[in-house]
Every structure is written in structure tokens, then in C-alpha cells.
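In: Sequence first, predicted coordinates after that:
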Amino acid sequence: EIAAIDQVGPVAARMVAERLNVRMKRNVVIENHGGATGHIGTKLVVDAAPDGCTLLLNVTAIATFPMSFVNLRYNPFEDLTPVGGIGRAPTLLLAPPSLLADDIKSLVALSKQRFDGLTYSVADYGLQPHLAVEQLKHRTGAHFVIVPYKGSGAALADLVAARVDFGSFPVGTAGKALIEERRLKALA
């Protein structure tokens, strides 16, 4: 039996497990250990017996752990061995229709016009959606202020209600229906 500690998402983990079950002719059991941007599940894998029976599904943010956690007791580059990738998850920048920006260029320009800048919501602090906005901010000199949320549901709800100016979300959780209903617009 192989335990797969999931930090990517239940759908991706199940898809991988189904294929591994067939290919390896062994049971793959998914254990979801979310929290701390994936650090909790990652620590379980690092502490597991090095017998080849524990896999970690994580995202690229694992590379930021040494900078994100003060007392990290492992080195993800030395204590884990990558075995492959399973996909890509683009990031969407979304805004309420009332925001006076329709693309990245106008979003950056608007942020520089406002004294306090623009607020943006993320549900994945330290992960790709957050880092994408921070990189955009760094490259353009935009004035963006993060408003972190514990989950994408609350982050999307406040975005629809225009309590924040825009949000950054993985494409899979970005609320396609909200875009189709014109309750949100995609900036990039």
C-alpha cells in the first residue's frame, strides 16, 4: 500500500492515484493534509520512512518554504526527491465589473493613480496566485495591497461584492460561472 499525501487538491490526487493503482498493481491511499501552504503534509512525508511507499503531491510553492517558514526543520531541495509533474494550473486575475480596468496594463495604471493602491484577494498565501501578483507588482511598480483569505469561497464572495478590487485564483477554482454570469470579469 502506498500513501499519497495530497497538497494539490483532491481531484488531482485521485486522478494520479487511479493511474498508479493500475500501473503499479498496488493500492494507493490518498491522505489529505492541508494547511500552512502545504507545509503540514510536506512535513509528514519528510518524516515518513524512506521506503518508497509515500508520495507527496505538492505545488511549486514548496520552493518558497525555506523563505516562508522561520523554523523549517527540513530542506525541500535536499530531503525530498522529485519524481515528476502532473499538470499546470494557470492563475486568473479577476475583478468585479465595476473596476475601471479591463486588463493588466490598465490595472497597473489604476493602482498607481489611487493613493492607497488596489486591494487584492488570495486564498493561497505564498502559493502561485499570490506570487503571481507579487511578481507583477515587483516588475511594474504597481501599488497592490494583499487581503489574504482562508478559503477561495470567502475570497470570491468578497470579490463579487466588490469589497476588494481584484483577486488572483487558480483557474480551477476561479468561478467560471461567475464570469459567464458577468458577476466577475477576467483581467488576465
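Out: That came in fine, so what should we check first? Residues are numbered from 1 along each chain as shown.

In: Poorly predicted segments of this structure, please.
Out: 1-10, 60, 173-174 (pLDDT under 70).

In: Disregarding residues adjacent in the polypeptide, which is nearest to Leu178?
Out: Spatial nearest neighbour of Leu178, chain neighbours left out: Leu184 (4.4 Å); criterion: Cβ to Cβ, 6 or more residues apart in numbering. C-beta coordinates here come from the backbone N, C-alpha and C atoms, glycine included.

In: how many neighbours does that neighbour have?
Out: Using other Cβ atoms under 10 Å, Leu184 has 25 neighbouring residues.

In: which residues does it contact?
Out: Contacts for Leu184 (Cβ atoms under 8 Å, 6 or more residues apart in numbering) come out as Leu94, Ala95, Pro96, Pro97, Leu156, Leu159, Val160, Gly175, Leu178.

In: ok, now with 7 Å
Out: By Cβ atoms under 7 Å, 6 or more residues apart in numbering, Leu184 lies in contact with Leu94, Ala95, Pro96, Leu159, Val160, Gly175, Leu178.

In: now, which of those residues lie within strands?
Out: Leu94, Ala95 (DSSP state E).

In: Generate CSV for the contacts of Leu184, with neighbour count and distance to Val29 as supplementary columns.
Out: Listed next are these as CSV, based on neighbours: other Cβ atoms under 10 Å; distance: Cβ to Cβ, whole Å:
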residue, neighbour count, distance to Val29
Leu94, 25, 35
Ala95, 23, 41
Pro96, 19, 42
Leu159, 29, 36
Val160, 18, 37
Gly175, 20, 31
Leu178, 18, 35
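
In: For the contacts of Leu184, please prepare a markdown table with the additional fields distance to Ser152.
Out: A markdown table is the format used below for the contacts of Leu184 (distance: Cβ to Cβ, whole Å):
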| residue | distance to Ser152 |
| --- | --- |
| Leu94 | 11 |
| Ala95 | 16 |
| Pro96 | 16 |
| Leu159 | 10 |
| Val160 | 12 |
| Gly175 | 8 |
| Leu178 | 11 |
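
In: Secondary structure class of Val145, three-state.
Out: strand (DSSP: H, G, I helix; E, B strand; the rest coil).

In: no wait, Val29
Out: Assignment for Val29 (three-state DSSP): strand.

In: so what's it bridging to?
Out: Per DSSP bridges, the residues bridged to Val29 are Ala3.

In: gap between it and Ala13?
Out: Val29 sits 10 Å away from Ala13, going by Cβ to Cβ, to the nearest Å.

In: ok, those two, which is more surrounded?
Out: Neighbour totals were compared for Val29 and Ala13, and Ala13 leads with 21 against 12 (other Cβ under 10 Å).

In: Pull up the gap between the more buried one and Asn32, please.
Out: From Ala13 to Asn32 the distance is 7 Å (Cβ to Cβ).

In: Strands of the protein, residue ranges please.
Out: Using DSSP E, strands in the chain cover 2-6, 28-32, 54-57, 91-95, 118-122, 144-148, 166-170, 185-186.
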